[in-house]
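Please find the sequence and the predicted model below.
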Amino acid sequence: MSLRLRLTFAAALLLAVLLLLGVLLVGSVGRSELGQVDQQLKNSLPVARTLDETATPFPNSATPPHTFSANHFSAFYIAAIANGRRTVISTSLDAGRSSPRTPSAVSTPHHTIKIFTVGSRSGSLTWRAVLVAAPRSNTDVLVAVPLSQVNATMTFLRDAFLLAGLVVLAVVIATGFWIARLGLRPIAEVTEVAEAITAGDRTRRVTRAQRRTEAGKLAQAFNLMLDEQLLLEARLRQFIADASHELRTPVSVILGITELWRQGELRNGEERDEAIHRIGLSGNQMGKLVEELLLLARLDEGRLTDRAPVDLAALINEVVADASTTDPQRPIEVTIADPVVVQGDAYGLRRVVANLVSNALRYSSPNAVVQVRLSTNGDAALLDVDDEGPGMTPEESSHAFDRFWQADASRSRSGAGLGLPIVRGIVVAHAGDVTLQSDPVNGTHVRVVIPLGTENLNEATASTGRRVE
């Protein structure tokens, strides 16, 4: 059952309950009014019999004797009926010239009084009447009270409840329209857009949602989810395209050399040695790229291979020594205040330092000094790596941690563009943070912040949903 149908059913049920309550209340009031009238009739019967006994010596009199003024019984119609002839003793001021019909049954003394609702002998007025046999004569006494006041009260109540029902109906309709307009329509549009996207139209969005309502917020969140999904898909496609591009060159080299070998072109030893050397270089390039992609995949899952105390000072000295051996002409300044030990993965942290130092050496001028500083600040270790430029523009800096991204112009495309993304992934897996500041003149500054203690690492790991194995 749809939500709209449920609301319609609930509104109909509410109206039915209100209608039932109105009918019960009007009926209860009507019964109460009739009960009061019946009690008045019962209380008047003894006096009515007295009037009858007094009035019987005057059968031709149109009105009772002056000793019994009509003002005493202005609300009652009293008549004596003998041999089918009615003698009026008292008339009701509310009835005008109308008179009640004779009830169908006679109530005898000392028995249950039978009160009936009867019509008028002329006109539409209704009466509440009782016909009682006189105790000492062959005469029946008719006592009746007009129901004009009761009917007026009941008519007023029915009209009031009818008006109230119409007001409630109008309010329910207006509320239903308001709910359908502000609440259900965005939900229906979300459903329609979801069906359109399922059918293949991925550009559809919810357009008529209002943010101040819950349904509107749901629609806005739905639009945001779709935009994020498209962005993730675009990034995934770009990632696959970049990975394919990086793998295409070494694969092409290996396939080309293999084809030359198959055709018998590599005949002498030098050609074969050169071909094998190029295959080795291409294989190493492919293996390094695959290794970095696998590392990124593990980092995306929050997994590191090990966790143990790591001496960052010793690790930095080892990385700088390796870099100096590879490029002895480049000056690297290392500043370490005190030994710093953190809980983490030694291989991953070594990759962080190696990638930062390698980037600083690769993307700075040949004579630029690279500075590596290690210090502590409270319960965190601070690793700073600086070079003297040239640095990146602000827009290039905003993409520095994007996978496979490489700056143009002064930057070489010797790498795959995964160095800084791997740095960020490893640092985040250690519950730390990494920031980069760069400008074309002053160079690039990278700061890595890693918690020192196991407690900090575990708390941050739990809060980010990552786990370290």
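That came in fine, so what should we check first?

quick one, what contacts the residue nearest to residue 369 when sequence neighbours are not counted?
Counting by C-beta to C-beta, 6 or more residues apart in numbering, residue 369 lies nearest to residue 331, which is 4.8 Å off, once chain neighbours are set aside. All C-beta atoms are positioned from the backbone trio N, CA, C, and that covers glycine. Residues in contact with residue 331 (C-beta atoms under 8 Å, 6 or more residues apart in numbering) are 367, 369, 370.

wait, which of those residues is closest to residue 18?
Nearest to residue 18 among the contacts of residue 331, counting by C-beta to C-beta, is residue 370 at 82.8 Å.

In terms of helices and strands, where is the residue nearest to that closest one when sequence neighbours are not counted?
Leaving aside its chain neighbours, residue 370 sits nearest to residue 360 (4.4 Å; criterion: C-beta to C-beta, 6+ apart). Using DSSP states H and E, the element containing residue 360 is helix 346-362.

And the helices in the stretch 151-300 of the chain?
Secondary structure of the stretch 151-300 of the chain by DSSP state H, counting those that start in this stretch: the helices cover 185-198, 214-263, 269-300.

what inclination does the first one have with respect to helix 214-263?
To tie it back to what came earlier, the one meant is helix 185-198. Taking axes from the mean of the first three to the mean of the last three C-alpha atoms, to 10 degrees, helix 185-198 and helix 214-263 form an angle of 10 degrees between their directions.

May I see the buried residues of helix 185-198?
Buried residues in helix 185-198, counted by 16 or more other C-beta atoms under 10 Å: 185, 186, 187, 188, 189, 190, 193, 197.

related to what we said a few turns ago, tell me what the helix or strand following the helix holding residue 360 is packed against?
Reading on from helix 346-362 to the C-terminus, the next helix or strand found by DSSP H and E is strand 370-377. With contacts taken as 3 or more C-beta pairs under 8 Å, 6 or more residues apart in numbering; DSSP states H and E, strand 370-377 sits against helix 312-326, strand 332-336, helix 346-362, strand 380-386.

Dump these to CSV, plus mean neighbour count, distance to residue 39 and mean pLDDT.
Below are those laid out as CSV (neighbours: other C-beta atoms under 10 Å; distance: least, C-beta to C-beta, whole Å; pLDDT from 0 to 100):
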stretch, mean neighbour count, distance to residue 39, mean pLDDT
helix 312-326, 17, 102, 88
strand 332-336, 14, 108, 88
helix 346-362, 21, 97, 87
strand 380-386, 21, 92, 90
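
now for the ones you listed, which one comes closest to residue 122?
Closest to residue 122 of those, according to C-beta to C-beta: strand 380-386, at 106.4 Å.

residues in contact with the closest one?
If you take C-beta under 8 Å, 6+ apart as the criterion, strand 380-386 is touched by 312, 316, 340, 342, 352-353, 356-357, 360, 370-376, 432, 443-452, 456.

Now do the helix or strand following that strand, average pLDDT.
Sequence order places helix 394-398 as the next helix or strand after strand 380-386, per DSSP H and E. The pLDDT scores in helix 394-398 average 76.

same question for the helix or strand just after helix 394-398, mean pLDDT?
Later in the chain than helix 394-398, the nearest helix or strand by DSSP H and E is helix 419-429. Mean pLDDT, computed over helix 419-429, is 83.

Run the angle between helix 419-429 and strand 380-386 for me.
Going by the same axes, to 10 degrees, helix 419-429 makes 170 degrees with strand 380-386.

okay, the angle between helix 419-429 and helix 346-362?
Inter-element angle recorded for helix 419-429 and helix 346-362: 150 degrees (by the same axes, to 10 degrees).

So what's the gap between helix 419-429 and the chain middle?
Taking C-alpha atoms, centre = their mean, to the nearest Å, one finds the center of helix 419-429 at 35 Å from the center of the full chain.

What's the first helix or strand after that helix?
Of the helices and strands lying after helix 419-429 in sequence (DSSP H and E), the nearest is strand 433-439.

Tell me the helices and strands packed up against the helix or strand following that next one.
Next along the chain after strand 433-439, taking DSSP H and E as the criterion, comes strand 443-451. With contacts taken as 3+ C-beta pairs under 8 Å, 6+ apart, strand 443-451 sits against strand 341-344, helix 346-362, strand 380-386, helix 419-429, strand 433-439.

Can you add distance to residue 156 and give these back as JSON lines?
Shown next, in JSON lines, are the helices and strands packed on strand 443-451 (distance: least, C-beta to C-beta, whole Å):
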{"stretch": "strand 341-344", "distance to residue 156": "85"}
{"stretch": "helix 346-362", "distance to residue 156": "87"}
{"stretch": "strand 380-386", "distance to residue 156": "82"}
{"stretch": "helix 419-429", "distance to residue 156": "77"}
{"stretch": "strand 433-439", "distance to residue 156": "77"}
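
Which one, of these, ends up nearest to residue 9?
helix 419-429 (52.0 Å).

Out of the helices of the stretch 151-300 of the chain, which is the most enclosed?
Ranked by mean neighbour count under mean count of other C-beta atoms under 10 Å, the helices of the stretch 151-300 of the chain are led by helix 185-198, which reaches a mean of 16.

what's that helix packed up against?
helix 214-263.

quick one: the helix it packs on to helix 269-300, angle?
Orientation of helix 214-263 against helix 269-300 (the same axes, to 10 degrees) gives an angle of 160 degrees.

do you know how far residue 192 is from residue 125?
63 Å (C-beta to C-beta, to the nearest Å).

Equivalent analysis for residue 315, please.
Residue 315 is 111 Å from residue 125, by C-beta to C-beta.

Give me the distance from the longest helix along the chain to the chain's centre.
In the chain, taking DSSP state H as the definition, the longest helix is helix 3-55. Centroid separation between helix 3-55 and its chain, computed with C-alpha atoms, centre = their mean, is 48 Å.

Which strands and helices lie in contact with the next helix or strand after it?
Using DSSP H and E, the helix or strand that follows helix 3-55 towards the C-terminus is strand 77-82. In terms of contacts (3+ C-beta pairs under 8 Å, 6+ apart), strand 77-82 is packed against helix 3-55, strand 85-90, strand 127-133, strand 140-146.

most neighbours per residue, which of those?
Using mean count of other C-beta under 10 Å, strand 140-146 ranks as the most buried of the helices and strands packed on strand 77-82, with a mean of 26.

contacts for it?
With contact meaning C-beta under 8 Å, 6+ apart, strand 140-146 is reached by 37, 40-41, 44-45, 48-49, 52, 75-82, 86, 92, 94-95, 98, 100, 102-103, 106, 118, 125-134.

Pull the distance from it to the chain's centre.
Using C-alpha atoms, centre = their mean, the offset of strand 140-146 from its chain centre is 70 Å.

Indicate which one of the helices and strands packed on strand 443-451 is closest to residue 268.
Of all the helices and strands packed on strand 443-451, helix 346-362 sits nearest to residue 268, with 36.5 Å by C-beta to C-beta.

how distant is the closest one from the center of its chain?
46 Å.

what angle sits between it and strand 332-336?
140 degrees.

what's next to helix 346-362, contact-wise?
For helix 346-362, the external contacting residues (C-beta under 8 Å, 6+ apart) are 295, 304-306, 308, 310, 312, 315-316, 318-320, 322-323, 327, 330, 332, 342, 370, 372, 383, 385-387, 412, 414-415, 419-420, 422-423, 426-427, 429-430, 444, 446, 448, 450.

Likewise for stretch 261-273?
257, 260, 275.
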